[in-house]
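Novice: Quick one, what's the 3D model for this:
(2 chains)
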Amino acid sequence: MVSLLDPLFLKALFGLFLASLMAPIGALATLRGISYLSAEVSHAALGGASLGFFLIYLGFSYSNPFLIALFFSIGVSLLTAYLGRISGPEATGSAIGSTLALSMAIYALVRGLLPGEIKAMLDTYLIGDVLLLTSSDLVQISIVVIISLVMLALFYNEFIYVCFDYEGLETMGLNAKLYDYLLFALLGLSGVIEAKSIGAFLVFAFMIAPAGIAKEITKSVSSFLFLSFLIALLSSIFGLFVSILFNLPTSGVVAILPSSIYLIVVLKKMLPLEKRLF
Amino acid sequence: MGNQFLTKVKLMRYEQKMITTIQKSLEIENLSVELDHKLILDNISLSLPHPVFAAIMGPNGAGKTTLLKTILGIIKPTSGKVHLFGKDVLGNPTEARKLVGYVPQRDRIVRYVPLKVTDVVLMGLVSRKEIPRIAINKDMNLSLEALKYVGMSEYASELFSNLSGGQQQRVLIARALVSKPKILLLDEPFNAVDASAQTFIAELLNRLKNENKISVLLVSHDINMVVEYIDILMFLNKKMIAMGKAHEIFRDDILKMVYGEGVRVITEKGRCYALTGDTHG
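Specialist: Okay, here's the model as predicted:
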């Protein structure tokens, strides 16, 4: 069992904290009506990481799978935004499906070619294990998180306005298209962070479920975003402790809590008022 | 005889001078718009004085919203010119937009974004600032002032999504007014709004024109609630079918050109109302 003072545990804790910091971006995606994209960009990151590892396998030792995953993820996110803009929401769905299939196809193809050791490293992008995060991983993740948070802080109002009234914003002289693309790029950044820290499979637990819960209990945008972060953080800390205590896979346990709370909140809403316990 | 001629010449010069100094709020010349290779607006020309209460009426798909978006510089026309208070909208949309307050169709607003009423109004000021766009106390006071004008100050800290349709419309008008525009453009302001709220909004718009000298241009499939206030009414169906005072152009033959056979005009207390049977939104 991992001790609480073990560097592995501390690194995992820090990794989960960083992943939780991206939850408000998932919440923003919910407001923009593109929460599904959070999962898609994480899978795109998986495709990008596959290419990065494949390059290492081919002998390009300078290849950085994280960086390639980052660009892949942003690229797919921006492509989706562009297709949605020129062809409407129906085409966006098809574009998402196609790029998701492409990313997964790259992953499946490349994985089959890789030797066991590199294969295992690639698989951490699919089903992440925070206990395996290295110091170098944390540095890379921290840089992307800081860039994302600076962007969020700088253009906070613009992102909210784009979500609320895109058309109205254009008439007020603001470049709504630019801020919309920036929001999609931000989502691309979050996708790679989540894939690297908790894995693409479990991205819903950090990007969508906390926002879903927060939306039911908050009455302002700032508290909605903050609560999304808090739910992601608390559930991940709880999950980490439980997983260590019972020797269970961390990412799985971390994902269970927010998803379960979300289901409870939704089910509660379906009950008549007099039958609600809280 | 000679004196009479001179007086007439002087009068003509005076009239000419008056005509050239009357401020035009909106001037459109030979405007055509094509979207996806489909002609949406065909050679539209119009000129509105300032202040004016004008309305554009037409069936669904007549190009009303497209016309508003072209006036705002959001849609680029295939040909033609648009000037707002003499400023070229197509050449310098940013400058022209500073003069405009815009109230979009309410169904274009994402109402589940948990924004408070004051935040919605502040958007009208903050979005016009330079980066970093942050609201200051003065902005807050202006927002509260705008909310007071539309009778919504007591709802300032409510969630926008919790308001009724009419209340939301009033907040959106406050957002458009907070930047002190010279002209207010409204897209279907009476959609999904109850009768009393429609009357309130109609009176509010009339007050804006008369007391604040703000020109009002609204597009609607149904203008019965504002017909008594309107200075200029325009019927649009891709082309400008008719333009003039409401009582002059509210005629069976014109309405049939706009809406087809399924329209009826009724007269009530000397006013004409069109029963189009057309619903929108």
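Novice: quick one, helices of chain A?
Specialist: Remark: helices assigned in chain A by DSSP state H are A:7-21, A:23-32, A:36-57, A:65-87, A:89-113, A:116-123, A:135-154, A:156-164, A:166-171, A:176-197, A:203-207, A:209-217, A:221-245, A:250-270.
Novice: tell me the most buried of those?
Specialist: Comparing the helices of chain A by mean neighbour count (mean count of other CB atoms under 10 Å in any protein chain shown), helix A:203-207 ranks first with a mean of 29. C-beta coordinates here come from the backbone N, C-alpha and C atoms, glycine included.
Novice: burial count for residue A:247?
Specialist: Using other CB atoms under 10 Å in any protein chain shown as the criterion, residue A:247 is surrounded by 8 other residues.
Novice: wait, what's in contact with residue 179?
Specialist: Chain wasn't specified; assuming chain A. A:155, A:158, A:159, A:161, A:162, A:169 (CB atoms under 8 Å, 6 or more residues apart in numbering or on different chains).
Novice: Chain B, not that one
Specialist: Shown in contact with residue B:179 (CB under 8 Å, 6+ apart): A:172, B:98, B:101, B:124, B:125, B:128.
Novice: before we move on, the earlier item: keep only the contacts of residue A:179 that also lie close to chain B.
Specialist: A:155, A:158, A:161, A:169 (CB under 8 Å from any CB of the partner chain).
Novice: Pull the number of nearby residues for the first one.
Specialist: Translated: residue A:155. Number of residues near residue A:155 (other CB under 10 Å) recorded here: 20.
Novice: correct me, but it touches residue A:182?
Specialist: Yes - in this structure, residue A:155 is within contact of residue A:182 by CB atoms under 8 Å, at 6.2 Å.
Novice: can you confirm residue B:228 is in a helix?
Specialist: No - counting by DSSP: H, G, I helix; E, B strand; the rest coil, residue B:228 is not part of a helix but coil.
Novice: What's the separation between it and residue A:125?
Specialist: The spacing between residue B:228 and residue A:125, counted by CB to CB, to the nearest Å, is 67 Å.
Novice: Please list all residues in contact with residue 119.
Specialist: I'll assume chain A. By CB under 8 Å, 6+ apart, the residues touching residue A:119 are residue A:111.
Novice: right idea, wrong chain: chain B
Specialist: Residue B:119 sits next to A:221, B:160 when contact means CB under 8 Å, 6+ apart.
Novice: give me the element it is part of.
Specialist: In the assignment (DSSP states H and E), residue B:119 maps to helix B:117-126.
Novice: what's downstream of that helix, the next helix or strand?
Specialist: helix B:137-149.
Novice: Now do that next one: which elements does it pack against?
Specialist: Using 3 or more CB pairs under 8 Å, 6 or more residues apart in numbering or on different chains; DSSP states H and E as the contact test, the elements touching helix B:137-149 are helix B:117-126, helix B:165-177.
Novice: try 10 Å
Specialist: helix B:117-126, helix B:165-177, helix B:195-212 (3 or more CB pairs under 10 Å, 6 or more residues apart in numbering or on different chains; DSSP states H and E).
Novice: And for that helix, what's in contact with it?
Specialist: B:101, B:117-126, B:129, B:135-136, B:152-156, B:170-171, B:173-180, B:204, B:207-208, B:211-212 (CB atoms under 10 Å, 6 or more residues apart in numbering or on different chains).
Novice: Mind listing what's buried along it?
Specialist: Going by neighbour count (16 or more other CB atoms under 10 Å in any protein chain shown), the buried part of helix B:137-149 is B:139, B:142, B:143, B:144, B:146, B:147, B:149.
Novice: closest to chain A among those?
Specialist: Comparing those against chain A with CB to the nearest CB places residue B:139 closest, at 11.5 Å.
Novice: rewinding a little: want to try JSON lines for the helices and strands packed on helix B:137-149, with distance to residue A:30 and mean pLDDT as columns?
Specialist: Output for those, formatted as JSON lines (distance: least, CB to CB, whole Å; pLDDT from 0 to 100):
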{"stretch": "helix B:117-126", "distance to residue A:30": "18", "mean pLDDT": "94"}
{"stretch": "helix B:165-177", "distance to residue A:30": "21", "mean pLDDT": "94"}
{"stretch": "helix B:195-212", "distance to residue A:30": "30", "mean pLDDT": "92"}
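Novice: would you list those helices in TSV and tack on distance to residue A:147?
Specialist: Output for the helices and strands packed on helix B:137-149, formatted as TSV (distance: least, CB to CB, whole Å):
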stretch	distance to residue A:147
helix B:117-126	24
helix B:165-177	32
helix B:195-212	45
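Novice: In chain B, which residue is most central in space?
Specialist: Centroid-nearest residue in chain B: residue B:217, 2.2 Å away (criterion: CA atoms, centre = their mean).
Novice: Assess the claim that it and residue B:182 are in contact.
Specialist: No - Residue B:217 is beyond contact range of residue B:182, at 11.4 Å (criterion: CB atoms under 10 Å).
Novice: what is in contact with those two at once?
Specialist: Common contact partners of residue B:217 and residue B:182 (CB under 10 Å, 6+ apart): B:25, B:100.
Novice: ok, of the buried residues of helix B:137-149, which one's closest to residue B:53?
Specialist: Within the buried residues of helix B:137-149, proximity to residue B:53 (CB to CB) peaks at residue B:149, which comes in at 17.0 Å.
Novice: got a pLDDT number for that closest one?
Specialist: Listed pLDDT for residue B:149 reads 94.
Novice: For the closest residue to residue A:23 other than its chain neighbours, list the residues it contacts.
Specialist: Distance criterion CB to CB, 6 or more residues apart in numbering or on different chains; nearest residue to residue A:23, sequence neighbours excluded, is residue A:232 at 3.8 Å. Going by CB under 10 Å, 6+ apart, residue A:232 touches A:16-17, A:19-24, A:26-27, A:194, A:198, A:205-207, A:209-211, A:213-214, A:254, A:257-258.
Novice: Give me the pLDDT for residue 90.
Specialist: This is for chain A. With respect to pLDDT, residue A:90 scores 68.
Novice: Wait, chain B was what I had in mind.
Specialist: Listed pLDDT for residue B:90 reads 89.
Novice: neighbours around it, how many?
Specialist: 15.
Novice: so it, which of the three states?
Specialist: Under three-state DSSP, residue B:90 falls in the coil class.
Novice: part of a helix, is residue B:41?
Specialist: No - using three-state DSSP, the secondary structure at residue B:41 is strand, not a helix.
Novice: Does it touch residue B:61 like I think?
Specialist: No - Residue B:41 lies out of contact with residue B:61 (CB under 10 Å); the separation is 11.6 Å.
Novice: quick one: low-confidence ranges for the chain?
Specialist: Using chain A. By pLDDT under 70, the weakly predicted segments of chain A are A:1-4, A:89-91, A:272-278.
Novice: sorry, should have said chain B
Specialist: B:1-22, B:262-281.
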